[in-house]
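K.L.:
got a sequence here, can you model it:
(chains A and B)
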Amino acid sequence: MIGVLSLCRFLHFGAAMLLWGREAYGVSAPRFHRSLWGLLAVTGVAWLFLETVEAAGTWSAAIDPPTIWLLVSATAVGQAWTLHLALVAALGLALWRQRSVRTAAALALVSAALVGHAAMQAGWPGVLHRSNDALHLLSAGYWVGALPAVLAGLRQVPDREELARLTRFSQWGHLAVAGVILTGIINTVLTLGYIPWEPRSLYGALLVLKVLLVAVMVGLALANRYVHVPRLSNGAGTKALKDLRRGTMLEISCSVGVVLLVSVFGLLNPV
Amino acid sequence: MKKAITLAVALALPASAAFAHAHLMKEVPPAKSIVTPAPSHLTLDFSEGVSLAFTGVTVTGPGKERVKLKHASLTQGNDQQLIVPLAQTLKKGTYTVAWHALSTDGHRTHGSFSFTVK
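P.N.:
Numbering: from 1, shown residues only, chains lettered A, B, ... in the order given. As a prediction, the model looks like this:
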């Protein structure tokens, strides 16, 4: 169960982050983005079935409409996910009409914070936790979701249009990285109640592993921005471009690991 | 090195031990207690808010028979407390309460405890 649910979460978060990141980066690929949306919708609905299995404690619940309806209508997690699915549907409409896609992608991503550990508290701590998690997803998606598009943009010496996109990404990227770190720390404190300098549980261990991967990513991003980019205009163009590509590729690999980890430990008991 | 060892130990933990969110913090009658007179209802306090639709108990008596229950409810203004009224008076003997809960953030937990009516 935990394996299937983790995989579903990984694909769902991955698609949502890519859509928001790529739209914010400004890359135009309507067909590919519609395919990503398809993955987002399918995994979103699949999650509803899987959550019904989780809630009822039996696999047969997944094909029992009254049980699914009970989850959707009468539980906090079901209602939150229904709202999320409605925003995913709105993103589909936006992609189809090619209007307000960026806003719709952001809303679809942040509404994922309404379920999971960010929803563990009630009252104002709950509002704080959900808002913080929403910002975490938004920052992380802006950064990580754009990386494959950045890599594609670095295939050859970027033209003026691509350079403008890269420059903007690099400027806002500073805010996104800082946002990821800050909201990540707040999320940890609100979920665990302590900073896991030494992991005391599987949850803590996987979280520490995720933090280490993010640290590597921050290092790679800083090297890209402050070592390789300045070399681009210093006559070392081709070599610098190659280094940038390699750094970005490594960043992408780490980010896949990060999303995979959070897809798993988000289901574990945070102790 | 210390971290690597902790990590290795943590990774070796059984998955079942980690899949848990709304834990039972307190129950009335308390686990392993001997009570008199027989209780008219059970009260279960969880560590997190729960959704009533997927939260409940079954009670089995000394002869493995299922005890009849009335509809369970959550305490007004406190979704962490489940109240289960009993539809019958319990006779002397040991009763086992098997509970399951769905936390508001969507995780299922279950467990059991028993008490004795004297």
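
K.L.:
domain ranges for chain A?
P.N.:
Domains of chain A are assigned by automatic domain parsing as A:1-115, A:121-271.

K.L.:
between the ones you listed, which gets nearest to B:Lys70?
P.N.:
Within the domains of chain A, the stretch nearest B:Lys70 is domain A:1-115; the backing value is 18.7 Å (CB to CB). No exception for glycine: its C-beta is placed from N, CA and C like everyone else's.

K.L.:
from the chain's centre, how far out does that closest one sit?
P.N.:
What separates the centre of domain A:1-115 from the centre of its chain is 12 Å, taken as CA atoms, centre = their mean, to the nearest Å.

K.L.:
which residues of chain A lie near chain B?
P.N.:
Contact residues (CB under 8 Å from any CB of the partner chain) of chain A with chain B: A:2, A:51, A:54-57, A:70-71, A:74-78, A:115-120, A:122, A:198-205, A:208-209, A:267-269.

K.L.:
tell me the centre residue of chain B?
P.N.:
Taking CA atoms, centre = their mean, the centroid of chain B lies closest to B:Trp99, which sits 4.1 Å from it.

K.L.:
for A:Ala46, give me its contacts.
P.N.:
A:Cys8 (CB atoms under 8 Å, 6 or more residues apart in numbering or on different chains).

K.L.:
and the helix or strand encompassing it, what's buried?
P.N.:
Using DSSP states H and E, the element containing A:Ala46 is helix A:30-56. Of all the residues in helix A:30-56, those buried under the rule 16 or more other CB atoms under 10 Å in any protein chain shown are A:33, A:36-37, A:39-41, A:43-44, A:46-56.

K.L.:
check stretch A:202-219 too.
P.N.:
Of the residues in stretch A:202-219, A:202-211, A:213-214, A:217-218 count as buried by neighbour count, 16+ other CB under 10 Å.

K.L.:
got it, and stretch A:22-32?
P.N.:
Applying 16+ other CB under 10 Å to stretch A:22-32 flags A:22-25, A:27 as buried.

K.L.:
which ones among those residues lie within helices?
P.N.:
Among the buried residues of stretch A:22-32, the members found in helices (DSSP state H) are A:22-25.

K.L.:
where do the strands sit along chain B?
P.N.:
With DSSP state E, the ranges of strands along chain B come out as B:24-28, B:34-35, B:41-46, B:56-60, B:73-75, B:78-85, B:93-102, B:108-117.

K.L.:
how much space between B:Gly61 and B:Pro37?
P.N.:
From B:Gly61 across to B:Pro37, the span is 16 Å (CB to CB, to the nearest Å).

K.L.:
which one's more surrounded, these two?
P.N.:
B:Gly61 (16 against 9; other CB atoms under 10 Å in any protein chain shown).

K.L.:
and the gap between the more buried one and chain A?
P.N.:
23 Å (CB to the nearest CB, to the nearest Å).

K.L.:
how about the contacts made by that residue?
P.N.:
Shown in contact with B:Gly61 (CB under 8 Å, 6+ apart): B:67, B:90-91, B:93, B:95.

K.L.:
after the helix holding A:Ala46, heading C-terminal, what element do we hit next?
P.N.:
Next in sequence after helix A:30-56, counting helices and strands by DSSP H and E, comes helix A:65-74.

K.L.:
and that next one, what does it pack against?
P.N.:
Secondary-structure packing of helix A:65-74 (3 or more CB pairs under 8 Å, 6 or more residues apart in numbering or on different chains; DSSP states H and E): helix A:30-56, helix A:76-97.

K.L.:
tell me where the model's unsure across the chain.
P.N.:
Going with chain A. Within chain A, the segments meeting pLDDT under 70 span A:235-236.

K.L.:
could you do chain B instead?
P.N.:
Scanning chain B for pLDDT under 70 picks out the ranges B:1-20.

K.L.:
can you do 50?
P.N.:
Residues of chain B meeting the criterion pLDDT under 50: B:5-20.

K.L.:
contacts for stretch A:135-142?
P.N.:
Residues outside stretch A:135-142 that contact it (CB under 8 Å, 6+ apart) are A:16-18, A:20-21, A:24, A:106, A:109-110, A:112-113, A:172-173, A:175-177, A:179-180, A:183-184, A:187.
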